[in-house]
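Asks: Provided below are the primary sequence and the corresponding predicted coordinates.
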Amino acid sequence: MKTLARLLLAAAAAGSLTTPLAAQGRLGLVEQGEYVCALPGDATGAAWIEQEGKAFSIIEGSSYRTDRGNGTYLAEGRQITFTRGPLKGMKLMVLGSGLLQEIGRDGKLTRLRCHRAGPLR
């Protein structure tokens, strides 16, 4: 009986080693549509300054497209990571419906925000 208990405990421990340690939550999809990314402006000029090369469209499944090509993303909990394509490595945090903020290489939120500007064209 003790041997069976030890085997079950060892199997459970081995199974836990295959679970990703950095899991953020459930896998999901981002709302389809056109997304525009911008930095905040100031009181003397434009409220938002669009950033060239950062706009993207979320299309079917876990896919996106840009002017430079298509790619894939992983949406895990509130974090989105672009895994292939022109935006590979870019990470975003979901702030609310259609509002995202970039996560820098240091893990802190940057000033860049992306918002859903409308449906797919």
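Replies: Yep, it's here.

Asks: report the beta-bridge partners for the most centrally placed residue in the chain.
Replies: Taking CA atoms, centre = their mean, the centroid of the chain lies closest to I80, which sits 0.8 Å from it. Per DSSP bridges, residues listed as beta-bridge partners of I80: A75, L92.

Asks: and the pLDDT for it?
Replies: Looking at I80, its pLDDT reads 97.

Asks: need the contact list for it.
Replies: V30, Y73, L74, K91, L92, M93, V94, L100 (CB atoms under 8 Å, 6 or more residues apart in numbering). The way it works is simple: take the backbone N, C-alpha and C, and place the C-beta from them, glycine included.

Asks: A helix includes D42, no?
Replies: No: under DSSP: H, G, I helix; E, B strand; the rest coil, D42 falls outside any helix and is assigned coil.

Asks: follow-up on the earlier one: most neighbours among the contacts of I80, which one is it?
Replies: L92 (27 neighbours; other CB atoms under 10 Å).

Asks: now V30. Nearest residue, chain neighbours left out?
Replies: Nearest non-adjacent residue to V30, counting by CB to CB, 6 or more residues apart in numbering: I58, 4.7 Å away.

Asks: I'd say that neighbour and G28 touch.
Replies: No: between I58 and G28 there is no contact under CB atoms under 8 Å: 11.7 Å.

Asks: brilliant, that's me finished.
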